[in-house]
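> what's the 3D shape of this:
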Amino acid sequence: MGKKNHSHEISIFSCFLAMAILMNCSDFANAEWKTCAGIVPVRYRNDKISITDFGGVGDGRTLNTKAFRAAIYRIGHLKRRGGTLLYIPPGVFLTGPFNLTSHMTLYLARGAVIKATQDTRHWPLIAPLPSYGRGRERPGGRYISFIHGDWLHDVIITGENGTIDGQGDVWWNMWRRRTLEFTRPNLVEFMNSRSIIISNIIFKNSPFWNIHPVYCSNVVIHYVTILAPADSPNTDGIDPDSSSHVCIEDSYISTGDDLVAVKSGWDEYGIAYGRPSHGITIRRVTGSSPFAGIAVGSETSGGIEDVLAENINLFNMGVGIHLKTNIGRGGVIRNITISNVYMENVRKGIKISGDVGDHPDEKFNPNALPILKDVKIKDVWGEKGSAAGLDPRSEKCTVFGHLSL
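Modelled structure (predicted):
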């Protein structure tokens, strides 16, 4: 891609919008260092316990589900002032899914691995999200995430770059063979929670989405590495969903789907639930994927606003920046600013699509059109890619207003 400057304002109601990448090159090295991580203060826990105190064995074979649950039960019920740190020493700790509790730190030492069992009998079902109405892949409930939290406050997952391994290939194969009964589990999911920090951890081989904060506020995710094979289905990196004040910074993501996708519910269920995602900051993220680097949608029904993405480096991508939605979604997408994005070997730099994603059922309202306005994309540059931006197969309409390139 060459280096050009294009700047114009568009106010349009259209089914098709041709776009070009802005080539006003910026020097990332000279950019002012900013961070949003201060929205959640770091807590230092005086009380510390080890998973080995509860019978945990890091041999890669022993199932440690009871040890994790016992340790977390102890944290939740003793309620030490300032909370408790659960230490995972070097070793491979095989376990089934487990729930976290408030005022705790899950700390993985260097060389520590928490590995998910591949025996699906150990994965209980939970209710679908109310803003989705059903499981995202299959009707009915969904498998609980590997590490789960609901209605929690003051939780930290951190360490010395230890690993949380979802061993997702058994789930990917069920998806490929179409033998899934219910929606696959996420690797980490927080629901209805606040003051969450996730840092200095390697996440790999998630069965489905990797990190999914939904109905949450004040979430910091930084200094993480997220890895999955390029052909692993739906292994999104980080998906803030109907959440507010989410800070995503200084991370490397290489997966089989979008690196970061901001969501807010699915069709009539998301419209009825009515909780937008807002105050989302994405900064200094590097990665690769056959899908999108920075995505909005396609589940946008609760609305998405006040999103800032800047200083992003994308390599070997399907799409660099993808704003995607569909009829029936409804919702307003506004105040989106994306800047200082470097792309190399990206098939399409910027793409807006109005016909992406399926529907939960036949009850969606075809007249519920999403509205996209006040979008600014600037200082996008790179090489070995295409600048064209709208899927020509799209026959659905979206309201576009005040789009600045």
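
> need the contact list for Met343.
Listed by CB atoms under 8 Å, 6 or more residues apart in numbering, the contact set of Met343 reads 1, 21, 293, 314-315, 317, 320, 349, 380-383, 385. From N, CA and C alone the C-beta is placed, and that goes for glycine too.

> just the CA trace of the helix or strand hosting it, in CSV.
Take DSSP states H and E as the rule and Met343 turns out to sit in strand 332-353. Output of strand 332-353 as CSV, limited to C-alpha atoms (Å, rounded to 0.1, in the frame of the first residue of the first chain):
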residue,chain,number,x,y,z
VAL,A,332,-26.3,2.5,17.7
ILE,A,333,-22.6,2.3,17.0
ARG,A,334,-21.0,5.8,17.6
ASN,A,335,-18.0,7.7,18.7
ILE,A,336,-15.5,5.1,17.4
THR,A,337,-11.9,6.4,16.9
ILE,A,338,-9.2,4.2,15.4
SER,A,339,-5.8,5.6,14.7
ASN,A,340,-2.1,4.8,14.3
VAL,A,341,-2.6,1.4,12.8
TYR,A,342,0.2,-0.4,10.9
MET,A,343,-0.7,-3.3,8.7
GLU,A,344,1.5,-5.7,6.8
ASN,A,345,0.2,-8.4,4.5
VAL,A,346,-3.5,-7.6,5.2
ARG,A,347,-6.0,-8.7,2.7
LYS,A,348,-8.4,-5.8,3.4
GLY,A,349,-7.4,-2.8,5.4
ILE,A,350,-10.8,-1.4,6.4
LYS,A,351,-14.1,-3.1,5.9
ILE,A,352,-17.7,-2.2,6.8
SER,A,353,-20.2,-5.0,6.4
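
> after that strand, next one along is what?
Strand 332-353 is succeeded, C-terminally, by strand 371-383 (DSSP H and E).

> elements contacting that next one?
strand 304-324, strand 332-353, strand 398-404 (3 or more CB pairs under 8 Å, 6 or more residues apart in numbering; DSSP states H and E).

> show me what counts as buried in the helix ranked longest in the chain.
Taking DSSP state H as the criterion, the chain has its longest helix at helix 65-78. Buried positions in helix 65-78, judged by neighbour count with 16 or more other CB atoms under 10 Å: Ala67, Phe68, Arg69, Ala71, Ile72, Arg74, Ile75, Gly76.

> quick one: average pLDDT of that helix?
Mean pLDDT, computed over helix 65-78, is 97.

> and stretch 99-106, by the same measure?
On average, the pLDDT along stretch 99-106 is 98.

> number of residues surrounding Glu344?
Neighbour count of Glu344, defined by other CB atoms under 10 Å: 17.

> just list the residues touching it, thanks.
Here Glu344 is in contact with Leu314, Phe315, Asn316, Gly382, Glu383, Lys384, Gly385 (CB under 8 Å, 6+ apart).

> could you say which helix or strand holds the residue nearest to the third one when sequence neighbours are not counted?
Distances taken as CB to CB, 6 or more residues apart in numbering put Ser288 closest to Asn316, at 4.4 Å, once the chain neighbours are dropped. Using DSSP H and E, Ser288 maps to strand 277-296.

> run through the neighbouring helices and strands of that strand.
So strand 277-296, by 3+ CB pairs under 8 Å, 6+ apart, packs with strand 244-254, strand 260-262, strand 304-324, strand 332-353.

> for the last one, buried residues please.
What that stands for is strand 332-353. Result for strand 332-353 [16+ other CB under 10 Å]: buried residues 332-336, 338-344, 346-353.
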